[in-house]
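1. just coords:
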């Protein structure tokens with residue numbers, strides 16, 4: 001078992017059978033142990049034959065040469081896993097084996113395979129120091145590495161010092177074997193593919209097993225993986241990567257009512273960015289072009305309909321929303337009538353709330369109301385003087401009842417025109433908000449306390465910056481699934 005032998009290095013010239021040996025190790029482990037006992041993470045930087053294992057329940061992921069994000073995040077994940085296990089094993093002398101024996105719990109051994117170490121150094125050499133640290137500490141916490149290399153000097157000396165087991169397949173010259181495993185006492189592998197040497201108490205010659213006839217290996221692996229997927233419900237954790245599109249299905253597990261509404265994925269650590277609507281009676285969204293907000297807005301409205309009982313109202317005074325929005329009541333004309341409806345509803349419920357000594361339970365059966373004002377400056381300036389005068393009072397009542405929420409969307413230039421209004425200063429937190437697309441460094445609407453490299457780059461409207469207490473964090477934004485349907489759309 002790997003847990004007894006520690007980290008493994010496989011040496012052999014091209015055609016010596018390194019990938020077949022790796023395949024045999026993976027296959028025999030999968031058919032011997034459950035995915036709750038052993039997980040594999042494979043960097044196949046060689047002929048990419050190991051990707052045939054990607055759908056196995058034991059395999060978290062297979063990263064190929066150009067999967068930069070996946071390989072970067074694999075190292076992040078392994079570093080984080082060591083820290084998690086350090087805390088977990090505190091009462092077990094910091095030992096993976098003791099934890100598994102004495103805790104009564106199962107924790108999978110994590111085996112990372114790097115096939116073609118030369119290619120790894122060429123492309124991902126920046127992680128060599130991290131790999132050195134992981135191989136030094138990892139075994140104690142159940143993290144193991146298997147490396148394959150063509151040259152006997154490809155794996156540097158410092159890293160070799162952390163590797164316990166060396167398997168040597170065919171090399172170019174007999175003199176090279178002693179450089180890897182010490183004196184062989186005249187034992188050399190026969191010139192047969194898969195034949196090699198290993199040092200135990202002495203030097204032994206071995207022959208790599210094939211999992212089936214060479215012609216049927218792929219078929220055998222596929223059939224075995226199908227059987228294993230039927231047998232096990234537990235799967236190895238995937239390497240987290242930023243999805244091509246952040247859909248509701250992707251963030252659904254982080255949707256916990258109105259206090260945890262996912263709005264995207266943080267690019268730094270791939271955690272889910274959430275908005276607590278219950279603490280945000282008024283929320284600001286800004287962008288250089290208003291239409292940049294539409295993909296996010298549709299996804300957010302759909303999400304609101306899943307969060308609980310809600311009436312979502314979208315007021316589009318700019319009349320820019322051409323595609324029908326689902327899961328909302330939509331208005332692009334007669335703003336005064338919409339305002340009167342909101343005013344009447346808020347006043348009625350606030351009077352009831354006040355008459356019951358502001359007992360929140362009197363509003364428990366009331367639908368939550370989320371009003372999205374698309375083009376906030378134009379909306380406000382379309383109100384009558386009396387409506388403008390009362391607008392701040394309405395926002396105050398809404399905030400107190402915690403049942404009404406206003407989302408203001410506008411460009412920085414137009415939103416800034418409202419910044420002198422009393423209601424704006426009282427209800428809009430200028431160090432909180434969501435910026436969509438490029439240009440955050442060119443605006444003064446949402447205050448940020450630092451400038452990062454991401455903020456200066458050109459980005460699409462699929463990305464943005466979620467600002468909380470002045471701290472901007474780069475996120476990939478929630479978007480509507482192309483198939484999302486339902487709701488009501490009123491064009492009035």
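-> Received it, and whenever you're ready, just let me know what you need. From a predicted model like this one, the values you see are computed outputs, not experimental measurements. Numbers count the residues shown, from 1 in each chain.
2. rest of the way, CA atoms for contacts and neighbours
-> Will do.
3. how close does the closest residue to residue 288 other than its chain neighbours get to residue 274?
-> Nearest residue to residue 288, sequence neighbours excluded (CA to CA, 6 or more residues apart in numbering): residue 411, at 5.5 Å. Separation of residue 411 from residue 274 (CA to CA, to the nearest Å): 23 Å.
4. what sits against the residue nearest to residue 288?
-> Counting by CA atoms under 8 Å, 6 or more residues apart in numbering, residue 411 makes contact with 286-290, 375.
5. what about the residue sitting furthest away from the middle of the chain, which helix or strand?
-> Residue farthest from the centre of the chain, counting by CA atoms, centre = their mean, is residue 186 at 52.9 Å. According to DSSP states H and E, residue 186 maps onto no helix or strand at all.
6. got it, and residue 60?
-> Taking DSSP H and E as the definition, one finds residue 60 inside strand 59-64.
7. tell me which residues are up against that strand.
-> With contact meaning CA under 8 Å, 6+ apart, strand 59-64 is reached by 39-45, 48, 50-51, 53-54, 70-71, 235-239.
8. likewise stretch 259-271?
-> With CA under 8 Å, 6+ apart as the test, stretch 259-271 has contacts from 240-242, 246, 251-252, 254-255, 272-279, 300, 303-304, 307, 473-478.
9. and the strands in the stretch 301-450 of the chain?
-> Taking DSSP state E, counting those that start in this stretch, the strands of the stretch 301-450 of the chain run over residues 310-316, 329-331, 368-374, 404-410, 433-436.
10. give me the secondary structure label for residue 158.
-> Following DSSP: H, G, I helix; E, B strand; the rest coil, the label given to residue 158 is helix.
11. now residue 147
-> strand.
12. what about residue 263, distance to residue 299?
-> Distance from residue 263 to residue 299, by CA to CA: 9 Å.
13. where do the helices of the stretch 151-300 of the chain begin and end?
-> Using DSSP state H, counting those that start in this stretch, the helices found in the stretch 151-300 of the chain span residues 157-160, 177-181, 217-231, 248-251, 294-307.
14. can I get the ones you listed in a markdown table with mean pLDDT and distance to residue 468?
-> Formatted as a markdown table, those follow (pLDDT from 0 to 100; distance: least, CA to CA, whole Å):
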| stretch | mean pLDDT | distance to residue 468 |
| --- | --- | --- |
| helix 157-160 | 95 | 43 |
| helix 177-181 | 94 | 55 |
| helix 217-231 | 96 | 43 |
| helix 248-251 | 93 | 20 |
| helix 294-307 | 92 | 18 |
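15. most packed of these?
-> helix 294-307 (a mean of 21; mean count of other CA atoms under 10 Å).
16. if we can go back for a sec, could you report the pLDDT at the residue nearest to residue 288?
-> pLDDT for residue 411: 97.
17. and what of residue 96?
-> Residue 96 carries a pLDDT value of 92.
18. quick one: contacts for it?
-> 89, 140-142.
19. where in the stretch 51-200 of the chain is pLDDT low?
-> For the stretch 51-200 of the chain, applying pLDDT under 70 flags no range at all.
20. so residue 86 touches residue 93, yeah?
-> No. Look at residue 86 against residue 93 with CA atoms under 8 Å: they stay out of range, at 9.6 Å.
21. ok, back up a step: I only care about the contacts of stretch 259-271 that end up buried; give me the ChimeraX line for that.
-> In ChimeraX, this line selects whichever of the contacts of stretch 259-271 come out buried by 16 or more other CA atoms under 10 Å:
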select :240,242,246,251,255,272,273,274,275,277,278,300,303,304,307,473,474,475,476,477,478
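22. among the contacts of stretch 259-271, which lie within strands?
-> 272-275, 473-477 (DSSP state E).
23. need those in JSON lines (columns: pLDDT).
-> Shown next, in JSON lines, are these (pLDDT from 0 to 100):
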{"residue": "272", "pLDDT": "95"}
{"residue": "273", "pLDDT": "97"}
{"residue": "274", "pLDDT": "97"}
{"residue": "275", "pLDDT": "96"}
{"residue": "473", "pLDDT": "96"}
{"residue": "474", "pLDDT": "96"}
{"residue": "475", "pLDDT": "97"}
{"residue": "476", "pLDDT": "97"}
{"residue": "477", "pLDDT": "97"}
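24. which one among the residues you listed gets closest to residue 436?
-> Within the ones in strands among the contacts of stretch 259-271, proximity to residue 436 (CA to CA) peaks at residue 477, which comes in at 8.3 Å.
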